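K.L.:
coordinates only, sequence not included:
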């Protein structure tokens with residue numbers, strides 16, 4: 001592996017864009033084409049550039065209500081906005097506390113060692129909170145909003161921020177160049193233990209949340225945890241390896257980005273950018289070559305193959321097919337193996353948020369986070385039984401996976417990703433449903449799904465019956481590739497789509513869609529942002545990523561990719577109105593330290609506590625003028641959250657409560 005990195009660029013920073021180059025080879029229509037055609041046909045493209053940009057992306061009703069939103073009085077959110085900006089620490093709206101609940105390296109068990117950044121071991125890390133916390137979920141204990149299990153995904157690792165002595169800065173021709181040394185086996189082992197997920201009991205005591213270190217359900221899941229492959233692809237020859245002749249047993253999960261909690265109280269871990277963990281080359285003329293190319297495998301950003309054969313394609317050509325799935329974990333039984341549910345498809349999963357449909361089936365919404373890839377949903381065949389938890393435990397092994405096709409008339413159709421239907425036949429190289437699921441992307445290509453601008457979180461809203469799709473950005477979309485649902489070329493700031501399924505039936509195969517927001521600075525006409533006129537200079541945002549819907553049905557949006565260069569502000573959490581006169585109004589509630597990404601917004605059932613995950617603080621540093629140079633372990637742009645000279649920066653989960661108690665933003 002080449003560790004001679006470009007100037008001011010660290011190895012794992014290459015993964016941070018989380019979008020890849022855009023590997024979709026089809027000429028399927030893009031969402032931008034569809035939006036433009038839809039509203040141009042209706043005659044809304046007229047007037048100034050700003051007006052035409054708005055008219056091309058929202059409904060007439062939304063235009064009227066946005067114009068009427070002259071003040072925040074119609075907003076569902078009541079708080080004083082945070083000022084957007086960039087500095088070394090986090091900020092929350094006035095009248096709220098934002099306390100650090102869990103930091104990378106914090107002990108999770110009574111016998112776990114204290115964090116020692118200069119003497120890290122895999123054994124210690126396996127008993128400590130992992131790195132780069134992303135998805136955060138809360139599973140109440142005995143129905144309480146003040147006592148429960150916190151479940152947290154640990155997406156990936158940044159060695160240059162984690163390990164001392166790894167980075168050197170050299171002068172070359174009068175310019176500074178960064179060199180990152182290869183990782184030792186011990187450091188790779190720490191990385192592997194820092195991936196995965198955490199299940200930990202937490203409790204509110206005297207108004208403050210704390211970790212219960214002796215919680216009997218506390219658990220770490222890592223890149224080495226044994227898991228089962230279940231569902232239609234389990235046991236298929238394409239999943240068999242030298243270590244597992246059955247094709248049903250796999251060790252570990254990686255790059256767990258967003259996730260979900262099922263209605264029956266299990267924890268969902270989505271495997272996203274799995275391509276970076278594999279190195280080597282497939283044997284000549286191997287049957288998986290085209291499959292892996294569509295997934296971007298191998299990228300080789302991680303050095304695990306140097307120490308473990310299973311990540312070397314030349315030695316284990318099928319191992320990569322065992323990643324890219326949805327993982328379900330029964331939090332009530334630490335001895336039970338997590339299960340990779342193959343019925344839900346294999347791609348770069350960004351979360352799996354669910355809702356119980358009116359007929360009892362459970363619907364999961366899924367995004368494939370790469371430029372020009374697709375939006376999916378999975379509908380269980382069986383129905384949810386609220387009175388019998390055990391009856392729900394294998395619902396995810398049987399159901400129908402669908403992919404979305406958006407049309408310029410404002411309709412969306414969900415196309416079944418099912419062997420034998422349409423082009424998904426032997427003539428196109430599929431022998432059975434296992435083949436279709438292992439190559440979900442290619443199946444969706446053939447079905448003619450709409451190519452999107454990085455679909456990330458997709459969140460159903462049980463209060464208003466809508467579904468919200470976060471589309472982070474796509475700067476590689478060309479002018480001739482715009483369509484109705486992806487309306488901007490070189491889309492740097494992303495947008496949010498709102499879906500209304502036919503008849504309020506989340507399992508429906510048809511529905512309607514609108515663009516709720518085109519993101520970016522609305523004061524710059526060329527950006528074409530569509531926030532309401534009552535959105536302040538602090539309230540606009542770009543790069544929507546994770547989102548949450550609280551119990552009142554209000555939408556909260558977290559961002560990924562903002563910074564001094566892109567927007568002049570850090571990532572954060574924004575409250576976004578979706579109903580009434582304040583529709584498309586946004587307000588900044590929380591912002592992260594420099595270099596960090598905002599992840600995992602989550603609210604307890606009583607809406608009195610919010611959890612957010614601050615990921616990779618201090619990454620970068622070059623674009624922030626007060627620092628103005630690369631940031632690494634010995635020279636960090638911030639030492640959040642400890643601010644101690646002997647402590648590195650530490651990704652952390654922050655818990656937010658209202659001073660004096662009460663519901664958030666009410």
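P.N.:
Structure received. Quick caveat: nothing in here was measured; it's all calculated off a predicted structure.
K.L.:
how many other residues sit next to the spatially closest residue to residue 225 that is not a sequence neighbour?
P.N.:
Spatial nearest neighbour of residue 225, excluding adjacent residues (C-beta to C-beta, 6 or more residues apart in numbering): residue 252 at 5.8 Å. Glycine gets a C-beta too; all of them are placed from N, C-alpha and C. The number of residues packed near residue 252 is 21, by other C-beta atoms under 10 Å.
K.L.:
Hmm, residue 197 and residue 252 touching each other?
P.N.:
No. Applying C-beta atoms under 8 Å, one finds residue 252 not in contact with residue 197, separated by 11.0 Å.
K.L.:
OK, contacts around residue 640?
P.N.:
The contact partners of residue 640, by C-beta atoms under 8 Å, 6 or more residues apart in numbering, come to 88-90, 593, 596, 614, 617-618, 649-650, 652.
K.L.:
Likewise for residue 77?
P.N.:
554, 575, 577, 587, 589, 665.
K.L.:
Most widely separated two among the residues you listed?
P.N.:
Farthest pair in the contacts of residue 77 (C-beta to C-beta) is 577 and 589. Separation: 12.8 Å.
K.L.:
what's the helix or strand for residue 654?
P.N.:
Using DSSP states H and E, residue 654 falls within strand 652-658.
K.L.:
any idea how far residue 212 lies from residue 199?
P.N.:
12 Å (C-beta to C-beta, to the nearest Å).
K.L.:
Next: residue 565.
P.N.:
Taken as C-beta to C-beta, the span from residue 565 to residue 199 is 37 Å.
K.L.:
Which one's more surrounded, those two?
P.N.:
residue 199 (22 against 10).
K.L.:
got a list of what that one touches?
P.N.:
With C-beta under 8 Å, 6+ apart, residue 199 has these contacts: 149-151, 217-221, 267, 329, 331, 334.
K.L.:
The helix or strand where it lies pairs with which strands?
P.N.:
Using DSSP H and E, residue 199 sits in strand 196-205. As defined by DSSP bridges, the strand partners of strand 196-205 come to strand 147-154 (antiparallel), strand 208-211 (antiparallel), strand 219-221 (antiparallel).
K.L.:
and the next element down the chain from the longest one?
P.N.:
Scanning forward in sequence from strand 147-154 by DSSP H and E, the next helix or strand is helix 159-162.
K.L.:
What's the mean pLDDT across that next one?
P.N.:
Per-residue pLDDT over helix 159-162 has a mean of 97.
K.L.:
Report the distance from it to the chain centre.
P.N.:
21 Å (C-alpha atoms, centre = their mean, to the nearest Å).
K.L.:
ok, now stretch 621-629?
P.N.:
That offset, for stretch 621-629, works out to 27 Å (C-alpha atoms, centre = their mean).
K.L.:
Between the two ends of it, how far is it?
P.N.:
5 Å (C-alpha to C-alpha, to the nearest Å).
K.L.:
cool, and stretch 328-342?
P.N.:
11 Å.
K.L.:
Same question for stretch 659-666.
P.N.:
13 Å.
K.L.:
Tell me who's in contact with residue 181.
P.N.:
Counted by C-beta under 8 Å, 6+ apart, residue 181 has contacts 3, 165-168.
K.L.:
Can you check the pLDDT for it?
P.N.:
For residue 181, pLDDT reads 95.
K.L.:
same check, this time on the one 4 residues further on
P.N.:
The confidence metric pLDDT takes the value 98 at residue 185.
K.L.:
if I look at it, how far off is residue 299?
P.N.:
From residue 185 to residue 299 the distance is 21 Å (C-beta to C-beta).
K.L.:
Among these two, which residue is more densely surrounded?
P.N.:
It is residue 299, of residue 185 and residue 299, that has more neighbours when counted by other C-beta under 10 Å, with 17 against 13.
K.L.:
Assign a three-state SS to the more buried one, would you?
P.N.:
Counting by DSSP: H, G, I helix; E, B strand; the rest coil, the backbone at residue 299 sits in coil.
K.L.:
Wait, it touches residue 280, no?
P.N.:
No. Here residue 299 lies out of contact with residue 280, judged by C-beta under 8 Å, at a distance of 11.4 Å.
K.L.:
Need the overlap of contacts for those two.
P.N.:
If you check residue 299 and residue 280 against C-beta under 8 Å, 6+ apart, no residue is contacted by both.
K.L.:
and residue 580, backbone torsions?
P.N.:
phi 70, psi -160 (degrees, to the nearest 10).
K.L.:
for the record, mean pLDDT for stretch 389-405?
P.N.:
98.
K.L.:
Next: stretch 521-530.
P.N.:
For stretch 521-530, mean pLDDT rounds to 92.
K.L.:
ditto for stretch 446-466
P.N.:
Mean predicted lDDT for stretch 446-466 stands at 97.
K.L.:
Kindly check the end-to-end length of it for me.
P.N.:
OK, stretch 446-466 end separation, C-alpha to C-alpha: 28 Å.
K.L.:
which stretches of the stretch 251-400 of the chain form helices?
P.N.:
Remark: helices assigned in the stretch 251-400 of the chain by DSSP state H, counting those that start in this stretch are 289-295.
K.L.:
what residue ranges in it are flagged as low confidence?
P.N.:
Applying pLDDT under 70 to the stretch 251-400 of the chain picks out no residues at all.
K.L.:
cutoff 90 now
P.N.:
283-285 (pLDDT under 90).
K.L.:
Just want the phi and psi numbers for residue 138.
P.N.:
Residue torsions, per degrees, to the nearest 10, at residue 138 are phi -130, psi 130.
K.L.:
before we move on, what about residue 615?
P.N.:
phi -110, psi 140.
K.L.:
That one contacts residue 651, doesn't it?
P.N.:
Yes. Counting by C-beta under 8 Å, residue 615 does reach residue 651; the two are 5.3 Å apart.
K.L.:
Between these two, which contacts overlap?
P.N.:
Contacts common to residue 615 and residue 651, judged by C-beta under 8 Å, 6+ apart, are 132-133, 596.
K.L.:
picking that back up, in the contacts of residue 181, find the pair that's most separated.
P.N.:
Top of the distance list for the contacts of residue 181 (C-beta to C-beta): 3 and 165, 14.4 Å.
K.L.:
Sort out which one of the contacts of residue 181 lies nearest residue 290 for me.
P.N.:
Using C-beta to C-beta, the contacts of residue 181 come closest to residue 290 at residue 3, 29.3 Å.
K.L.:
and that closest one, what pLDDT?
P.N.:
With respect to pLDDT, residue 3 scores 33.
K.L.:
and what of the one 3 residues further on?
P.N.:
Each residue has a pLDDT score; the one for residue 6 is 38.
K.L.:
how about the strands paired with strand 196-205 in JSON lines, adding mean neighbour count and mean pLDDT?
P.N.:
Below are these laid out as JSON lines (neighbours: other C-beta atoms under 10 Å; pLDDT from 0 to 100):
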{"stretch": "strand 147-154", "mean neighbour count": "25", "mean pLDDT": "98"}
{"stretch": "strand 208-211", "mean neighbour count": "16", "mean pLDDT": "97"}
{"stretch": "strand 219-221", "mean neighbour count": "24", "mean pLDDT": "98"}
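K.L.:
So for residue 418, which of the ones you listed sits nearest?
P.N.:
Closest among the strands paired with strand 196-205, using C-beta to C-beta: strand 147-154, at 29.2 Å.
K.L.:
Strand 652-658 and the closest one, what's the angle between them?
P.N.:
140 degrees (axes from the mean of the first three to the mean of the last three C-alpha atoms, to 10 degrees).
K.L.:
how distant is strand 147-154 from the center of its chain?
P.N.:
Per C-alpha atoms, centre = their mean, the centroid offset for strand 147-154 relative to its chain is 16 Å.
K.L.:
what do you get for stretch 613-622?
P.N.:
Distance, centroid of stretch 613-622 to centroid of chain: 16 Å (C-alpha atoms, centre = their mean).
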